[in-house]
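Q: predicted coordinates and the sequence they were generated for:
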Amino acid sequence: DGIRDRDVTGVQTCALPICFRQAVALDPKFSDAMNNCGAVLRRLRRYEEGLKIYNGTLRLNPTHVEALQGRGELLAEIGKTTDAIADFDKALELRPGYADAIWAKGFTLLAAGNFNAGWGPYEYRFEQSNRQCAVLNTSKPRWSAGVGGRLLVWSEQGIGDELFFLQWIDRVGELSADVTVAVDVRLIGAYERAFPQVRFVDKAKNIPLESYDSHLPMGSLPKSFNDIGLGWHDTRKIPYLRFDPVRREKIRRDLIQFGEKIVGVTWKSTRPTIGAEKSASLSDLLPILKLPGYTFVNLQYGDTDSEIQALREQTGIELQCYPSIDNLRNLEEHIDLVAACDELVLVCNATAHIAGALGQHARILTPRGKSLIWYWANRTNDRNFWYPSLQPLDQTKDLSWVEPIARIAIDLESHRDRKSTRLNSSHITISYAVF
């Protein structure tokens, strides 16, 4: 907007949104305006500027609870876990029971790998002001240790979170002898193959109150297993998804004619609020897509026709689509398409969860900051903690994908002539090199 920023209470603010700058200019001690400005900068991932604003806000008003909360989230997003927890604790000291701070503390603890301490505060995802999970409209009580009767476990979040928390479904019979699990209808068939002992229903349909006695949101399964002494770690199962071997082999035969090895790619997340930050573009992937000797296959769900056409017209590169499979609507067949690939290059979206739940090796473009969901932050060496077959490659500090994509291109080029891994059973077990 052409207006240079001014120094506010010793804090040099840079390119701040004009409405906040004007409010602060009128009253330099207007801490609410400064706090709101810090929140905007944090959402824009302009962390250095945002931290200065939050610090200035708290110099003006050390008991500004929302500024403590916001600065804590910013500190967590840049990896300063101890400082973030201190801010959340201070906010809770000033405002006991503050749901936003409790939930953010839980999220931060989980991202840091402190799971036993994190599961409890994570329950506040239903209470926090920016809630992004569904709430079940029911008069039945929430399940707790010792409660008997028929149990409804329900998926309260998107398809990626549903796939993630399904790793605890295998032992759900430990919570109740009669369990129904409400999930996305597009994956019921795949879930039934993976867990034949479990009854799955469509979460979009009305579930009669008389069909269950208590309920449990799916994201609460790890804590619930802890509560009854079984532990979150010993009750999970990875990999758990199964593909259809006949359909997978047909897909491979259809695609292998275009190149010796098949590489499946995604580049977008459609998750509300943070999808854009998790996404790349097809042009970002050019160092990979121009490699010879590979068939590159579209695994991206949603409307991608215009992007694929633009890629073809601008570069001559053909990203193959498998026309009989809609990657958004036909998720069971999408699993088989993922399993048919020799290599996978994915962003953090539902397809990455599918690869991890299959146990299939994939390179995952992993974002920084607020768009990094806690389970993607957990690592064991160079692998994702929850999905050991997934290899995260982090966005650089300048929020660029150039370096991780270049690394993937080098890996693919150097391993192009390696013999393809043929998967002969519906359970995938792969021995893979660590790049």
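A: Yep, it's here.

Q: got the phi/psi numbers for the nearest residue to residue 377 once chain neighbours are set aside?
A: The shortest distance from residue 377 to any non-neighbouring residue, by C-beta to C-beta, 6 or more residues apart in numbering, is to residue 111 (4.3 Å). Every C-beta, even on glycine, is put in place using the N, C-alpha and C of the backbone. Per-residue torsions, residue 111: phi -60, psi -30 (degrees, to the nearest 10).

Q: for residue 111, give me the pLDDT.
A: According to the prediction, residue 111 has pLDDT 96.

Q: any idea how far the residue nearest in space to the middle of the chain is from residue 255?
A: Centroid-nearest residue in the chain: residue 373, 4.7 Å away (criterion: C-alpha atoms, centre = their mean). Distance from residue 373 to residue 255, counting by C-beta to C-beta, to the nearest Å: 31 Å.

Q: and what of residue 411?
A: Taking C-beta to C-beta, one finds residue 411 at 21 Å from residue 255.

Q: do residue 346 as well
A: In this view, residue 346 and residue 255 are 17 Å apart by C-beta to C-beta.

Q: so what's residue 329 up against?
A: Contact analysis of residue 329 by C-beta atoms under 8 Å, 6 or more residues apart in numbering lists residue 186.

Q: can you pull the phi/psi pair for residue 383?
A: Per degrees, to the nearest 10, the backbone of residue 383 is at phi -120, psi 160.

Q: wait, it sits on residue 393?
A: No. Between residue 383 and residue 393 there is no contact under C-beta atoms under 8 Å: 11.5 Å.

Q: what's the neighbour count on residue 342?
A: For residue 342, the neighbour count with other C-beta atoms under 10 Å is 23.

Q: correction: residue 291
A: By other C-beta under 10 Å, 17 other residues sit near residue 291.

Q: compute the first-to-last residue distance for stretch 37-52.
A: End-to-end distance of stretch 37-52: 11 Å, with C-alpha to C-alpha, to the nearest Å as the criterion.

Q: buried sites along that stretch?
A: For stretch 37-52, the neighbour count (16 or more other C-beta atoms under 10 Å) marks 37-43, 45-47, 49-52 as buried.

Q: now do stretch 202-220
A: 203, 207, 212-220.

Q: with those in mind, which one is nearest to residue 304?
A: Nearest to residue 304 among the buried residues of stretch 202-220, counting by C-beta to C-beta, is residue 203 at 26.4 Å.

Q: residues in contact with the residue nearest to that closest one when sequence neighbours are not counted?
A: Once flanking residues are discounted, residue 203 sits nearest to residue 182: 3.8 Å by C-beta to C-beta, 6+ apart. Counting by C-beta under 8 Å, 6+ apart, residue 182 touches 152-155, 200-203, 207.

Q: narrow these to those in strands?
A: 152-154, 200-202 (DSSP state E).

Q: out of those residues, who's the most crowded?
A: Within the ones in strands among the contacts of residue 182, neighbour counts (other C-beta under 10 Å) peak at residue 153, which reaches 28 neighbours.

Q: ok, now how distant is it from residue 169?
A: From residue 153 across to residue 169, the span is 7 Å (C-beta to C-beta).

Q: so where do the strands sit in the protein?
A: 7-8, 11-12, 151-154, 179-183, 199-202, 214-217, 261-265, 294-298, 343-347, 362-366, 379-380, 383-384, 390-394.

Q: pLDDT averaged over the second one, what's the number?
A: In this model, strand 11-12 carries a mean pLDDT of 39.

Q: go on, stretch 290-299?
A: The pLDDT scores in stretch 290-299 average 95.

Q: residues near residue 36, how many?
A: Residues near residue 36, counting by other C-beta under 10 Å: 21.

Q: residues in contact with residue 43?
A: Listed by C-beta under 8 Å, 6+ apart, the contact set of residue 43 reads residue 370.

Q: report pLDDT for it.
A: Confidence for residue 43, expressed as pLDDT, is 86.

Q: and residue 369, by the same measure?
A: 85.

Q: residue 7 now?
A: 36.

Q: same check, this time on residue 390
A: Value for residue 390, per-residue pLDDT: 98.

Q: any idea how far it is from residue 358?
A: Distance, residue 390 to residue 358, by C-beta to C-beta: 10 Å.

Q: show me the contact partners of stretch 399-418.
A: Residues outside stretch 399-418 that contact it (C-beta under 8 Å, 6+ apart): 45, 261, 263, 277, 280, 284-285, 287-288, 291, 293-294, 343, 345, 363, 365-369, 393-396, 433, 435.

Q: could you rerun that using 7 Å?
A: Applying C-beta atoms under 7 Å, 6 or more residues apart in numbering, the external contacts of stretch 399-418 come out as 45, 280, 284-285, 287-288, 291, 293, 343, 345, 363, 365, 368, 393-396, 435.
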